[in-house]
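> Just need the structure, nothing else, for what follows:
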Amino acid sequence: MALAENVHQYGNIMLGGRGGTNVGQLKIFPGGFLWRKLGGGKVVEVSKTDISSLSWTHVPRGYQLGIRLKAGSSVRFNGFKEQDVSTLSSFLSANMGLTPVDKPLSVIGRNWGQADLDGNILSFIVGGKQAFELSLADVSQTQLQGKNDVLLEFHVDDTAGANEKDCLMEMSFHIPSTNTSYVGDENHPPAQVFCEKILSMADVGPSGAEAVAWFKEVTILTPRGRYSVELHFSFLRLQGQASDFKIQYSSVARLFVLPKWNQPLTYVVITLDSPIRKGQTFYPHIVLQFHTEEIYECDLTISEDVLNSKYKDRLEASYKGLAFDVFAQILRGLSGSKVTRPGKFRSSQDGNAVRSSLKAEDGMLYPLEKGFFFLPKPPTLILNDEIDYVEFERHGAAGTSSMSSHYFDLIIRLKSEQEHQFRNIQRNEYHNLFNFINSKNLKILNLGDISVPSVIAGGSDDEAVDPHLTRIKNAREGGGGDADSDEEDEDFVAEKDDAGSPTDDSEEEESDASEDVGGEVKEPRKKEPSASKSVTKKKKRDEGDEDGKKKKKKKDPNAPKRALSSFMYFSQAERERLKKTNPGLAFMDVARVIGERWKKMTDEEKEPYEAYARRDKNRYATEKAEYNKRASGLVGERSSDDASE
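Model (predicted):
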C-alpha cells in the first residue's frame with residue numbers, strides 16, 4: 001500500500017464480477033474511488049456523491065469492500081488485508097462521512113434461505129448472513145417454471161470467455177406456497193409475485209424484450225461485417241448474418257468518435273475490457289463506420305418514469321441528428337462510459353490524423369490528448385502512461401531517386417518492451433507531430449530536431465543536404481576517379497590484434513604512424529598523373545616485399561601519445577551522459593548528436609574543453625622533445641658503429 005496525504009493507494013486489488021475477477025490498482029481519496037486494471041484497460045470511478053453505503057466482508061484470503069450505489073447497483077473490491085480494515089474505516093468515516101459496516105459471509109453450505117430484493121441487487125441470506133448477491137442488470141430473462149420455481153437466465157456475455165473463466169449463466173429459486181415475504185393466493189402464488197418483482201426492474205425484461213434503440217445495417221470494420229446494432233438497458237447486441245454478439249455495458253471501457261480525414265466517414269470505436277471472441281480471434285475494439293452526413297431520427301423505447309428517475313440528464317426521449325453522434329450519445333447514456341474525441345493536434349493539411357501504416361496495413365494515426373489510436377486495422381490504442389519513449393526514424397536520403405526520402409517512421413516503445421512502428425508518414429508532418437509529442441512531455445529518444453535530418457523537416461529534395469552524399473561529391477570533385485585508387489588499400493596491413501572497433505585513441509595512434517624514429521614528419525603522399533601510375537607501381541614492387549605490397553612501418557610503443565583536441569574532450573564527456581539518458585542509442589546517432597551540440601555551443605561553453613586541450617598540447621610538446629632527443633642519440637650511436645665496421 002502506498003500512503004500519501006489524504007490518499008490511500010493499493011496494488012493487486014481485484015474487481016469482483018460475474019465472469020471472474022480483474023486485478024488492478026485502487027486509489028481511495030476524499031472524493032471517491034478510482035480503480036485501474038493492471039496493464040491498462042478498464043477504469044472504474046466511483047464518486048462519493050453516488051455512494052449509498054459501505055460494507056466489509058471477510059472472504060477467503062482477505063477482505064472485501066462492498067460499495068452500494070444510490071442507483072441500486074454495487075461495486076466490490078477484493079484483496080484487502082486485516083490491518084487495512086481499521087485504517088480505511090477511519091479514513092472513510094472522516095473524509096466521506098460513511099462508516100463501513102460489517103457484513104458477515106455465510107459459509108455453512110446450506111442453500112435454504114431468504115431472497116431479498118434491494119434496488120438492483122438480489123441478496124440471498126442464510127442464517128442472518130449473506131451467502132451471495134447478484135446484480136439484476138446481468139439477468140437477461142426470467143420465467144415461472146411450474147408453480148413454485150423461478151428461473152433466472154443471465155446474459156450470454158461474449159466478453160466473459162476472453163479470460164477463459166467460468167461464468168454464471170443460470171440459477172433457479174424454489175419459493176414454497178408458505179413463503180411470507182412474497183404473499184400471494186391460489187391464483188397468484190408467491191413464486192409468481194417474486195418473478196413479477198424482478199420483471200418490474202427497469203433493466204430486466206422477458207425473452208425478446210424490445211431494444212431501447214435500434215440501428216440497422218451498420219458497417220463494422222472489426223469484426224468485419226454488416227450488423228444490426230440493438231441498444232438495450234444493460235447490454236448491446238450485434239446481430240449479423242453469421243455472428244451474434246451480446247456485450248454487457250460493464251465491459252465497455254471507453255468510446256471514441258474520430259472523423260476519417262478527407263473522406264465523409266466517421267469512426268465510432270467501442271473499447272472493451274475484456275475483448276469479444278470470434279473463433280480464435282479476440283477483438284478488444286469494435287470499429288463502427290458511419291457516413292458523416294447521414295441523419296438519424298428515433299424515439300427511445302423507454303417509459304417516462306424510468307427516463308426521469310434513472311436516466312435523468314443522461315438520455316432524452318427522442319433524438320434527431322447525425323447518425324454517429326446520436327449513436328454515441330445513446331450508448332454513453334446507457335453505459336455511462338466516457339467519450340473521447342479528437343484533441344488539439346492538427347496535421348499539415350488541418351486534419352486530426354496523419355497517414356501511416358502498421359504491420360503492412362494502411363490507416364490513420366490519431367494523436368490524442370492522452371494517447372495514440374491507429375485505425376481502422378489493426379485498431380491499436382496506445383496510452384501515454386504506457387509509453388517509455390518515442391523515436392523518429394527516416395527512410396532515405398535527400399538527393400536519392402528513392403521515393404522513401406519523402407517519408408519517415410515513428411517508433412513508439414512501451415514500458416512493457418513492446419514496440420509499435422508507424423511507417424510511411426509524410427515528411428511535412430514531422431514538425432506538427434514532433435511539437436505535439438514534445439508538448440505531452442514524452443521522452444523522445446533521438447532528441448527530435450537535432451537528430452532528425454533536414455529531409456524530414458521540410459523543403460524540397462534539392463534544399464535538403466545529406467552528409468554522406470556531400471562527402472562523396474566533394475571527393476569526386478577534388479580528386480576525380482583517382483581519389484579512391486587502389487594504392488591506399490595496398491598500403492593497409494591489418495594488425496593481428498586489431499579488434500575492428502574504432503575508438504578515439506585508435507585515430508590518434510594511427511596518426512602517429514606517419515612519424516619516423518628521428519622525429520621528422522613525412523610529406524603527404526601525392527598522386528601522380530595517370531600516365532606515370534604504372535611507373536610508380538613498378539617502383540613500389542621493386543622496393544616492397546615479394547608480393548608487391550609495401551610493408552607498413554610499425555609504431556614505436558615508446559612514442560608519446562598525441563594531444564587530444566577540445567572537441568575530443570567534449571565528446572568523451574558527452575558520450576557517457578548520452579548513454580545514460582538514452583540507452584540503446586545507435587553509435588552513429590551518438591556521434592551525430594555530439595557533433596550538432598558542439599556546433600551550437602558558445603565560446604564560453606567551450607572554454608573548459610579548450611583549457612584541457614591546451615594543457616594536453618603542452619604535455620605532448622614536452623614529451624615529444626624528450627623523445628626526439630633520445631631517438632637522435634640512438635641514431636648517432638648506430639651511425640658510429642657502422643663507420644667503425
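
> Between its first and last residues, what's the separation in stretch 379-394?
24 Å (Cα to Cα, to the nearest Å).

> tell me which residues of it are tucked away?
Using 16 or more other Cβ atoms under 10 Å as the test for burial, stretch 379-394 gives P379, T380, L381, I382, I387, Y389, V390, E391, F392, E393, R394. C-beta coordinates here come from the backbone N, C-alpha and C atoms, glycine included.

> tell me what the longest strand along the chain is packed against?
The longest strand of the chain (DSSP state E) is strand 265-278. Using 3 or more Cβ pairs under 8 Å, 6 or more residues apart in numbering; DSSP states H and E, the elements in contact with strand 265-278 are strand 244-248, strand 252-260, strand 281-291, helix 323-335, strand 371-375.

> can you redo those as CSV with mean pLDDT, distance to D305 and mean neighbour count?
CSV is the format used below for the helices and strands packed on strand 265-278 (pLDDT from 0 to 100; distance: least, Cβ to Cβ, whole Å; neighbours: other Cβ atoms under 10 Å):
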stretch, mean pLDDT, distance to D305, mean neighbour count
strand 244-248, 81, 24, 20
strand 252-260, 91, 26, 21
strand 281-291, 90, 31, 19
helix 323-335, 92, 16, 21
strand 371-375, 93, 39, 22
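
> Rebuild the buried residues of stretch 379-394 as CSV, extending it with secondary structure.
Converted to CSV, these look like this (DSSP: H, G, I helix; E, B strand; the rest coil):
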residue, secondary structure
P379, coil
T380, strand
L381, strand
I382, strand
I387, strand
Y389, strand
V390, strand
E391, strand
F392, strand
E393, strand
R394, strand
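
> residue ranges of the strands in the stretch 51-200 of the chain, please?
51-59, 62-69, 74-80, 101-102, 114-118, 121-126, 129-135, 139-145, 149-154, 170-174 (DSSP state E, counting those that start in this stretch).

> now the most centrally placed residue in the chain, which residues is it bridged with?
With distances taken as Cα atoms, centre = their mean, I382 lies nearest the centre of the chain, 3.7 Å away. Note on I382: beta-bridge partners by DSSP bridges are F372.

> residues in contact with it?
Counting by Cβ atoms under 8 Å, 6 or more residues apart in numbering, I382 makes contact with G371, F372, F373, I412, L414, H420.

> Now that the third one has come up, it's in contact with L383, right?
No: F373 is beyond contact range of L383, at 9.8 Å (criterion: Cβ atoms under 8 Å).

> From N187, how far off is R619?
R619 is 113 Å from N187, where distance means Cβ to Cβ, to the nearest Å.

> Counting neighbours, go ahead and name the busier of those two.
Ranked by neighbour count (other Cβ atoms under 10 Å), R619 and N187 place R619 first, with 13 against 6.

> Below-threshold pLDDT in the stretch 1-150 of the chain: ranges please.
1-5, 17-21, 39-42, 140-141 (pLDDT under 70).

> same thing but 50
1-3 (pLDDT under 50).

> In space, what's closest to Q421 - neighbours in sequence excluded?
Excluding the flanking residues, the one nearest Q421 by Cβ to Cβ, 6 or more residues apart in numbering is I411, at 5.0 Å.

> Mind putting the strands of the stretch 51-200 of the chain into JSON lines with distance to L258?
JSON lines is the format used below for these (distance: least, Cβ to Cβ, whole Å):
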{"stretch": "strand 51-59", "distance to L258": "34"}
{"stretch": "strand 62-69", "distance to L258": "31"}
{"stretch": "strand 74-80", "distance to L258": "30"}
{"stretch": "strand 101-102", "distance to L258": "46"}
{"stretch": "strand 114-118", "distance to L258": "41"}
{"stretch": "strand 121-126", "distance to L258": "37"}
{"stretch": "strand 129-135", "distance to L258": "32"}
{"stretch": "strand 139-145", "distance to L258": "32"}
{"stretch": "strand 149-154", "distance to L258": "33"}
{"stretch": "strand 170-174", "distance to L258": "39"}
